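Novice: for reference, the sequence and a predicted model appear below.
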Amino acid sequence: MARARERFASGDRVEGVRAPILQSWQRCRDLGLRPDRFELPYDANLDLESPLVRAALPVLGRVEPAFLGPVSLIITDSDGTVLVRRTGDRSLDPLLDAIQLLPGFRYAERLAVTCGLGTALAERRLHHVRGPEHFAECLQGFACFAAPVLNPLSGRIDGAVNLTCRASD
């Protein structure tokens, strides 16, 4: 996968890469994003009273004790801004801090490149990205599984739910 990403970066034909990943890489390249640069906007004005957060917090309270390993559960708004992060094993926290997977940072695909959160929001469906499938070099040590949260009445995306762990886990 790492070689395929290098071939893609050099403009060569790529085979053996899942279609959603290749499509996301193409969108990232079309936006002028680079694998070696990772700068996310930060917004300190989080809406922690949104219906999504109010609905998610009691559920998080019930599932958080079940986290047995180094897994983080993240809730974002529809723009990919991290609102809530809960981690089962605190040893993962410094690693997530280093990649700005923190409340207030925006993980939209147009900013954060190919990642579970951003790509799930961009494609409006469940999505996972593991290791070197990530476009950004700094994310390649992680695996992310994310799903958009669709409003049952309007059908619009209200946010996303994401599980992140080390790619080796």
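Specialist: Perfect, I can see it now.
Novice: what are the contacting residues of stretch 150-166?
Specialist: With Cβ atoms under 8 Å, 6 or more residues apart in numbering as the test, stretch 150-166 has contacts from 50-52, 56, 69-78, 80, 83, 92, 95-96, 101, 116-117, 120-121, 124, 141-149. All C-beta spots, glycine's among them, are computed from the backbone N, C-alpha and C.
Novice: confirm that G159 sits in a strand.
Specialist: Yes - counting by DSSP: H, G, I helix; E, B strand; the rest coil, G159 is located in a strand.
Novice: work out which residue lies at the spatial centre of this protein.
Specialist: L117 (2.8 Å; Cα atoms, centre = their mean).
Novice: what helix or strand does it sit in?
Specialist: Under the criterion of DSSP states H and E, L117 resides in helix 116-123.
Novice: how about that helix: buried residues?
Specialist: Within helix 116-123, the residues scored as buried using 16 or more other Cβ atoms under 10 Å are 116-122.
Novice: for stretch 88-108, same thing?
Specialist: 88, 92, 95-96, 99-101, 103, 105-108.
Novice: go through those residues and flag which are in helices.
Specialist: Counting by DSSP state H, the buried residues of stretch 88-108 place 95-96 in helices.
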